[in-house]
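**Student:** Model the structure of this input:
(chains A and B)
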Amino acid sequence: MKRNPHAVAAVTCALFALAFMGAEKAKPAAKPKAEPIRAKIGVISYITGQGAAYGEAITNGIKLARDEVNAKGDVAIDLKIEDSSGKQEQALAAAQKLINSEKVVAIIGPTLSNEMFAAGPEANASGVPIMGTSTTAKGIPQIGKFVFRNSMPESQAIPAAVGHAVKKYNLKKVALLYGNDDAFTKSGFDTMKETAEKLKLNIVTIQEFQKGQADYKAQLTKIASLSPDAVFCSALYNEGGVILAQARKMGLKVPFVGGNGFNSPKVIEIAKEAAEGLIVATPWFGEKNDPKVKAFVAKFEKTYGKKPDQFAAQAYDAFHIMTNALKTAGAADRGKLRDALAATRNFQGVVGNFSFDADRDVVMTPSVLIVKNGKFAIFK
Amino acid sequence: MFLEQLINGVTLGSIYAIVALGYTLVFGVLDIINMAHGEIFMFGAFVGMLILSKAGAPLPVAFLGAIVVASAMGLLLERLALRPLRGRPGASHLASLISTIGVSILLENVAHKIFGSGNHLFETPFAEISFQLGGVTVYLVQGVILLISLLLMAGLALWLSRTRSGKALRATAEDLETAGLLGVDTNRMITVTVVIASAMGGVAGVLVGMAFSYINNQIGLSMGLKGLAIIIFGGMGSVYGAMAGGLILGLSETFVVAYGSSGYRDAIAFVAIIVVLLIKPQGLFGQAPAEAKR
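**Tutor:** Coordinates of the predicted model:
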C-alpha cells in the first residue's frame, strides 16, 4: 500500500493537538486561582565600586523576597535591577530609565541618602512610588508624597540607645567623640549631642578625630582625665573598634554608646574583649528569638552562604511591604500603589513591627543591644 | 594629664621621626622623594603582624622578618623603578618621583588584595608590659620606640660622618659622576642607601603596630604624608632635622588635642610647619641655599 504523506502529517498533528489540549485542560485544574497581578518593580542599588557590599546585601534581600512572593502566585513581580555605583547622577539616570523606558510601577532604592536626593524628586514628579531601604539622612520622605523609606533614621536609633543607657547606669557626665570628616558620623554626633542636652546630661568634653587616624590616645587621655560616666561615640566600625581597644588599654573602662556605625559584628572582631559593654540601638537583630527572623536568617544563609545583615533584612522587608501594598491596590497602578503603601500599618517584618507615619517615615521600636561575652545581646 | 600627653606625643613623634629618616636618607643621596617608602613601611608592619599574631613567634623574629622583607622590597624598588631611569638622557627630574608613586599605588593595592581593607590586630605580649610612673601608666613599648628612634638617628649620623662608606655616600650625594670617577661604586652606594632606608621603614612598621595595636593598608599613606611634611620642615636630607621635626610634629599634634581643639589637630600642626618655612625656607636643619648641593 502506498502511504499517503498527508494522512501521516494529519495524524501527527492531531496527536500533538490532543497532547496540547490535555496539557491545557490539566493546567486550570491544578491552579484554580485568579490571574496574578503582574508588575515590574525597579531596583536602584550600589552594585559596583567601593560600597558594593551594601548593594550586594540589598539586592540579595530583595531577590530572596521576590522568589517567595512569586512562588505564592498572587502577584508576579519582574525585577529590573540598575546599578548606581554610589553616584548621584547615575542614580538619577537609572531612575529615569526605569520610569520612562521600563515603565516600572515602583522603585526600591537607591542605596545612599545622597542618591535619593537626586532620584527621589524625579520619581516623585513622575508619580512613581520610590522607597529607600538604607537611606537614613534627615528629610528623605519630605522630598514628596511618592517618596518612602523603611530604614530607621539614626535620629530614632541613637536616642533609644542613649536613653536606655542613661536610665540603666544613671549617667550624669558624658564625653562625646566623633569623626568630623564624614557626613554620617557627623550627623550621628549631632543627634547624640541633641539627645544629651535634652536629657540634661553634663557634656564634659567633645573630641573629634579624622578618618583613617591610627592613634586616638591624645583624645582618649583627655576624656579619661575628665572621668565621665560614659562616652558617646559616633564612628564607623573600622575606627570605632580601634578606639574601643585603645580606650580600654589606657584604662578608660566606662560604657560606650555608639551609633549605627558600631552596629556591626566587625567591631567585636576588631576590638575583641575591649568591645564588652558597647551599647547600640538597631532596627535589625539577627539573633532575635522570633520564628520569622530565624526562618529568614536560615533561608538567607542557605541561599547566599552568609548571614544577612541589616541592609539585607531591610531590603527584604521593603519588598514585602511593596508587594503587600500592591495586593491591596489590586492592580499595577502607580497612584493606587502609593495610596496603599502610605496606608501600611503594623506590618510584621523580620526587622520588626513596621508602620509609616503621616509623613511616610518610619515608625518602629529599635532593639537596644549590648556586647556581652563577645556578641550582641538584648540590653535589659 | 600633662605627663600622659607628653608620653603620647613623644611616642607618636618618635614614630614620625623613624619614618622621616627613611625619606631623608634617600632624598639626601638621590635627590628623589621616594613616595613608595610609606608603603614599604606598611608592608613591614604586615610582615611583623603575620609573624607575631599568626605564627606566634617572638618579637626579635618579627623585627628581623620585617627588615628582611622591607630591604628586599627596597632592593627591587631600586633595581626596577629607579636605576632604569637614572642618567638616561632626556629623562625628566620628575620621572623617578612618578615611578615611585606608581610603585606606592601598586603596593597599596597588593596589600588590599592580600590583607583586605580592614584593621588587623597587632598582638604581642611585649606591648602589654606596663609600669606606673607617678600615677601614670607607661607602656614599655613607648620607651622602646623612643630608644630605637634615637639609636637609629645616632647610628645614621655616625655612619654618614665617620665611616668610609658614609664618606662614599656623601660623595655620591655631592656629585654622582665625580664620585664615580674617583672610584666610588655609585650604583652600589645608591642601592645600599635605598635598602637601609627601607629596612628602617620595616622597623618603623613593627613599632607602629606595637604602639597602636592595629594596622591597615592605609597607614602607609597617612604616615608617609606626615613623614614627607617632616623632612620639609626639618630640612631635606638632614638626619637631625628628621628627628627634631618628627618629635615637634608628634608633640604639637598631641598638645593641640590636649589643650586646644581636636578638630584642628592636623590643621594646627601644618600651619606651624608653614610658619617655620616662611621664616626659614630651607627647614629647621637645612643648609643655606649657598652651600646647597645643587
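**Student:** pLDDT wise, what is residue 28 at?
**Tutor:** Picking chain A for this. At residue A:28, the pLDDT value in this model is 45.
**Student:** wrong one, chain B
**Tutor:** At residue B:28, the model reports a pLDDT of 81.
**Student:** now residue A:379
**Tutor:** Residue A:379 is assigned 88 on the pLDDT scale.
**Student:** ok, it - contacts?
**Tutor:** Contacts of residue A:379 were listed using Cβ atoms under 8 Å, 6 or more residues apart in numbering or on different chains, and they are A:164-165, A:168, A:279, A:368-370. For the C-beta atoms, the positions are set from N, CA and C on the backbone; glycine is no exception.
**Student:** count of neighbours near the residue nearest to it when sequence neighbours are not counted?
**Tutor:** Nearest residue to residue A:379, sequence neighbours excluded (Cβ to Cβ, 6 or more residues apart in numbering or on different chains): residue A:370, at 3.9 Å. Residues within reach of residue A:370, counting by other Cβ atoms under 10 Å in any protein chain shown, total 20.
**Student:** my read: residue A:370 touches residue A:277, true?
**Tutor:** Yes: if you go by Cβ atoms under 8 Å, residue A:370 and residue A:277 touch, sitting 6.7 Å apart.
**Student:** Of the contacts of residue A:379, keep whichever come out buried.
**Tutor:** A:164-165, A:279, A:368-370 (16 or more other Cβ atoms under 10 Å in any protein chain shown).
**Student:** Take those and keep only those in strands.
**Tutor:** A:279, A:368-370 (DSSP state E).
**Student:** Throw the residues you listed into JSON lines and include pLDDT, thanks.
**Tutor:** As requested, those are exported to JSON lines (pLDDT from 0 to 100):
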{"residue": "A:279", "pLDDT": "94"}
{"residue": "A:368", "pLDDT": "92"}
{"residue": "A:369", "pLDDT": "92"}
{"residue": "A:370", "pLDDT": "93"}
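**Student:** related to what we said a few turns ago, taking the contacts of residue A:379 as a set, which two sit the farthest apart in space?
**Tutor:** A:168 and A:369 (12.8 Å; Cβ to Cβ).
**Student:** Flag the shaky bits of the chain, pLDDT-wise.
**Tutor:** Picking chain A for this. Scanning chain A for pLDDT under 70 picks out the ranges A:1-33, A:212.
**Student:** Sorry, I should have been clearer: chain B.
**Tutor:** Applying pLDDT under 70 to chain B flags residues B:287-294.
**Student:** Name the residues of it found near chain A, please.
**Tutor:** B:1, B:4-5, B:8-9, B:11-12, B:118-119, B:121, B:137, B:208, B:211-216, B:218-219, B:221-223, B:253-254, B:257-258, B:261-263, B:265-266 (Cβ under 8 Å from any Cβ of the partner chain).
**Student:** Now, of those, which are buried?
**Tutor:** By 16+ other Cβ under 10 Å, the residues of chain B next to chain A give B:4-5, B:8-9, B:11-12, B:119, B:121, B:208, B:211-216, B:218-219, B:221-223, B:253-254, B:257-258, B:262-263, B:265-266 as buried.
**Student:** Quick one: mark the members of these that sit in strands.
**Tutor:** Those of these lying in strands (DSSP E): B:121, B:214-215.
**Student:** Give the helix, strand or coil label for residue B:192.
**Tutor:** helix (DSSP: H, G, I helix; E, B strand; the rest coil).
**Student:** Up against chain B, what does the stretch 251-380 of chain A have?
**Tutor:** A:251, A:266, A:270, A:272.
**Student:** Just put those residues in TSV and tack on neighbour count, distance to residue B:159 and secondary structure.
**Tutor:** As requested, those are exported to TSV (neighbours: other Cβ atoms under 10 Å in any protein chain shown; distance: Cβ to Cβ, whole Å; DSSP: H, G, I helix; E, B strand; the rest coil):
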residue	neighbour count	distance to residue B:159	secondary structure
A:251	11	41	coil
A:266	17	45	helix
A:270	25	40	helix
A:272	15	42	helix
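**Student:** So which of these is the closest to chain B?
**Tutor:** Closest approach to chain B among these (Cβ to the nearest Cβ): residue A:270, at 5.1 Å.
**Student:** Surely that closest one touches residue A:242?
**Tutor:** Yes: contact criterion Cβ under 8 Å: residue A:270 and residue A:242 qualify, at 6.6 Å.
**Student:** Please enumerate the shared neighbours of those two.
**Tutor:** With Cβ under 8 Å, 6+ apart, residue A:270 and residue A:242 have common neighbours B:119, B:214.
**Student:** The residue nearest to residue A:100 when sequence neighbours are not counted and residue A:101, how far apart?
**Tutor:** The shortest distance from residue A:100 to any residue other than its chain neighbours is 7.8 Å, reached at residue A:126 (Cβ to Cβ, 6+ apart). Applying Cβ to Cβ, to the nearest Å, the value for residue A:126 to residue A:101 is 12 Å.
**Student:** between the two, which one's more packed in?
**Tutor:** The residue with more neighbours, out of residue A:126 and residue A:101, is residue A:126; 16 against 9, by other Cβ under 10 Å.
**Student:** Mind telling me which residue of the stretch 1-150 of chain B is nearest chain A?
**Tutor:** residue B:1 (4.0 Å).
**Student:** Contact partners for that residue?
**Tutor:** Residues near residue B:1 by Cβ under 8 Å, 6+ apart: A:221-222, A:225, B:258.
**Student:** which of those are buried?
**Tutor:** Buried among these by 16+ other Cβ under 10 Å: A:221-222, B:258.
**Student:** which among those residues gets closest to residue A:34?
**Tutor:** Distances from residue A:34 to these, taken by Cβ to Cβ, are shortest for residue A:222, at 68.1 Å.
**Student:** Ignoring the adjacent residues along the chain, who's closest to the closest one?
**Tutor:** Residue A:222's closest residue in space is residue B:258 (Cβ to Cβ, 6+ apart), at 5.6 Å.
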